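J.: I would like the atomic coordinates for the input below:
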Amino acid sequence: MPGSGRKAALSLLTAGAVRERAREMLTLGCAGKLKHFVVDEARLAAAADNVAAVIRANYPDLKVPLHARWRHFMLGGRDLWAEITAHANWRNAAARARAEFDLAIVSVLLDAGAGPDWTYRDAATGLTIGRSEGLALASLRMFEAGLFSADGRDPLRADADRLVALTTDDLTRGFQGGTDNPLAGLAGRAALLQRLGRVMRDSPDVFASRDSARAGGLFDHLVAASSNGRLPAPDILRALLINLGGIWQNRLTLDGVALGDTWRHAAIRYDDETNGLVPLHKLSQWLSYSLIEPLQRAGVSVSEVDGLTGLAEYRNGGLFIDTGVLVLRDADGATAPLPVDNELVVEWRALTVALLDALLPLVRARLGVTAETFPLGALLEGGTWAAGRKLAKDKRPGGGPPLTVISDGTVF
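T.: Predicted structure coming up:
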């Protein structure tokens, strides 16, 4: 049938497809039919106890915000983005939202794992910090300094023309990288932002409807797609996956459609062109969570937040291995670094997404909260990510994950 391949490809660019295929992976795991992992469902209760305890410690009032990039700009008791916005002179709420989209998109795309040996020293706060918080702080300072702006009068932008010209050296300096402060995947991150610039420049209808081509143009695109000021969160993800699909390099495609963070696993079987394909869309989903607050501040009501899924990344996935919910069939065979397309990694990541859904009602019950007051994004922020990090620190020197995944700077 003409166009059937494209229709099948687009079906994978949704949060619903991520959830559906992750659940199929978990069903196979619970039945003992997966090659790499055994699922011990009985251990989920202990994992829920662990996560609930971490949430109570971190948020005693149980008012947990969404897992978004904005949390990482709050360091040392200071809201660093609020300090910057206090001196900004935006014309209106939409102008501020465009700048926040600029920052969130660039910062999230730069956040793909820092490795254990890199840190960033911030002169303004005196903080020296690594990992995701360090990447966030470095990207915020680069944004504040105008590294991504093509307008010398307005540093708080991420313009297509500037991103296209960005170099690895630019990012190395911005991240304070070097032989004595190594940061993995710098070239990959620079290339990703260059491709982002080209995609934005080539799609003026999406990124330049109210301004020159910039990441913040996506705000206007989403506002136009909203209905009576309401926008379902899964629509944010779909817009990102469709309009930014061209930024992902050396990824699977189907009928000319870039599939992004989608990989092959033989156990997932369909009778169409998507057979064996497992979409995960980790960075794009985290970016979707991170765009909710700018939209809300600009007066857009974002609904169906739980329509997004949990994030298939190593802190959440490490939580399930370290609590015994997931057990490797061949632990000795998984000690070497694994490429991200390795079937074991795909299996682990998909199981992580489904297990986060299974964990959510258990944690809600332990905390005495409701689905309305405690969405999945709150579980990620308050509990699983932090609990995964804490367990990793307790179990392994340096706090690394239980599995090592080779990243090119665009997945983790």
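
J.: ok, the nearest residue to residue 315 once chain neighbours are set aside - how many residues close by?
T.: Distances taken as CB to CB, 6 or more residues apart in numbering place residue 388 nearest to residue 315, at 3.7 Å, with adjacent residues excluded. For the C-beta atoms, the positions are set from N, CA and C on the backbone; glycine is no exception. Burial of residue 388 is recorded as 28 neighbouring residues (other CB atoms under 10 Å).

J.: now do residue 348
T.: 27.

J.: mind listing what's buried in the helix or strand hosting it?
T.: Per DSSP states H and E, residue 348 falls inside helix 343-367. Residues of helix 343-367 classed as buried: 343-360, 362-364, 366-367 (neighbour count, 16 or more other CB atoms under 10 Å).

J.: same deal with stretch 28-41?
T.: Applying 16+ other CB under 10 Å to stretch 28-41 flags 28-30, 34, 36-37, 39-40 as buried.

J.: put together TSV for those, with secondary structure, pLDDT and distance to residue 251 on each row.
T.: Formatted as TSV, the buried residues of stretch 28-41 follow (DSSP: H, G, I helix; E, B strand; the rest coil; pLDDT from 0 to 100; distance: CB to CB, whole Å):
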residue	secondary structure	pLDDT	distance to residue 251
28	helix	98	24
29	helix	98	25
30	helix	97	30
34	coil	98	24
36	coil	97	22
37	strand	98	24
39	strand	98	28
40	coil	98	33
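
J.: considering those, which is situated nearest to residue 180?
T.: Taking CB to CB as the measure, residue 180 lies nearest residue 36 of the buried residues of stretch 28-41, at 37.2 Å.

J.: may I ask which helix or strand of this protein has the lowest mean pLDDT?
T.: Ranked by mean pLDDT, DSSP states H and E, the helix or strand of the chain with the weakest confidence is strand 405-406, at a mean of 86.

J.: on the pLDDT front, check the closest residue to residue 326 other than its chain neighbours for me.
T.: Leaving aside its chain neighbours, residue 326 sits nearest to residue 320 (4.5 Å; criterion: CB to CB, 6+ apart). Per-residue confidence (pLDDT) for residue 320: 98.

J.: count the residues that sit near residue 320.
T.: The burial count for residue 320: 28, using other CB under 10 Å.

J.: contacting residues around whatever helix or strand it lives in?
T.: Using DSSP H and E, residue 320 maps to helix 314-322. Helix 314-322 has contacts (CB atoms under 8 Å, 6 or more residues apart in numbering) with 47, 50-51, 113, 310, 326-328, 348-349, 351-352, 355-356, 380, 384-385, 387-389, 391-392, 395, 401-403, 405, 412.

J.: can I get the CA coordinates of that helix in CSV?
T.: What follows is helix 314-322 as a C-alpha-only set of coordinates in CSV (Å, rounded to 0.1, in the frame of the first residue of the first chain):
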residue,chain,number,x,y,z
TYR,A,314,20.9,4.5,33.3
ARG,A,315,19.8,5.9,36.7
ASN,A,316,16.3,4.6,36.4
GLY,A,317,17.5,1.4,34.8
GLY,A,318,20.2,1.0,37.4
LEU,A,319,17.6,1.3,40.2
PHE,A,320,15.9,-1.8,38.9
ILE,A,321,19.1,-3.8,38.6
ASP,A,322,20.4,-2.7,42.0
